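# need a 3D model of the sequence below.
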Amino acid sequence: MLRVSETPMRSVVHASFHLERYYDTPAERVWQALTDEAAKQQWFVGPSGEWELVERHMDVRGRFRSGLVSTFDAFYHDVVLHERLVYSYVMYLDDRKISVSLATMQLKRGGTTLMGASLKG
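Below is the predicted model:
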């Protein structure tokens, strides 16, 4: 039986945010940066000298110099080539879950506006 004193502290905070970025490049190039494992490795990393790659299978897992492991596990629900990605993801620090989110990224033509929204809980 689990006693209340043994239960880790947990909280629930619901929040949402909306980001919009403009890239002066075709949507196909932005799409590649988001979906190609080799391309994503160039930008989805931790601070230089503070982080080492532990494993990557498009789940982005890394270890900080302190030993703390950061994990990003994602599941893609809707993929429209060069236009939209809808995915859910869970972020962990070591074994501690820090957030669960649902995200939508829409790429718009004509220079490429990358719009993303996420609900974290």
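# the residue nearest the centre of the chain: what secondary structure?
Ranked by distance to the mean C-alpha position of the chain (CA atoms, centre = their mean), the top residue is F72 at 5.9 Å. Using DSSP: H, G, I helix; E, B strand; the rest coil, the structure places F72 in strand.
# pretty sure it sits against S88.
No: with contact defined as CB atoms under 8 Å, F72 does not count as touching S88 (11.4 Å). Where C-beta positions appear, they are placed from N, C-alpha and C, glycine not excepted.
# how far does the longest helix along the chain sit from its chain's centre?
The longest helix of the chain (DSSP state H) is helix 27-35. How far helix 27-35 lies from its chain's middle: 15 Å, per CA atoms, centre = their mean, to the nearest Å.
# buried ones in the next helix or strand after that helix, by neighbour count?
Going down the chain from helix 27-35, the next helix or strand is helix 37-41, by DSSP states H and E. Neighbour counts over helix 37-41 (16 or more other CB atoms under 10 Å) mark K40 as buried.
# swap in stretch 45-53?
G46, W51.
# dump that stretch to PDB, restricted to CA.
As requested, the backbone C-alpha atoms of stretch 45-53 are provided in PDB (Å, rounded to 0.1, in the frame of the first residue of the first chain):
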ATOM      1  CA  VAL A  45      20.500  20.000 -28.800                       C
ATOM      2  CA  GLY A  46      21.400  21.300 -25.300                       C
ATOM      3  CA  PRO A  47      24.000  23.900 -24.400                       C
ATOM      4  CA  SER A  48      27.500  23.300 -25.700                       C
ATOM      5  CA  GLY A  49      29.700  21.600 -23.100                       C
ATOM      6  CA  GLU A  50      26.700  21.000 -20.800                       C
ATOM      7  CA  TRP A  51      24.900  18.300 -22.800                       C
ATOM      8  CA  GLU A  52      25.700  15.000 -24.400                       C
ATOM      9  CA  LEU A  53      23.500  13.000 -26.700                       C
END
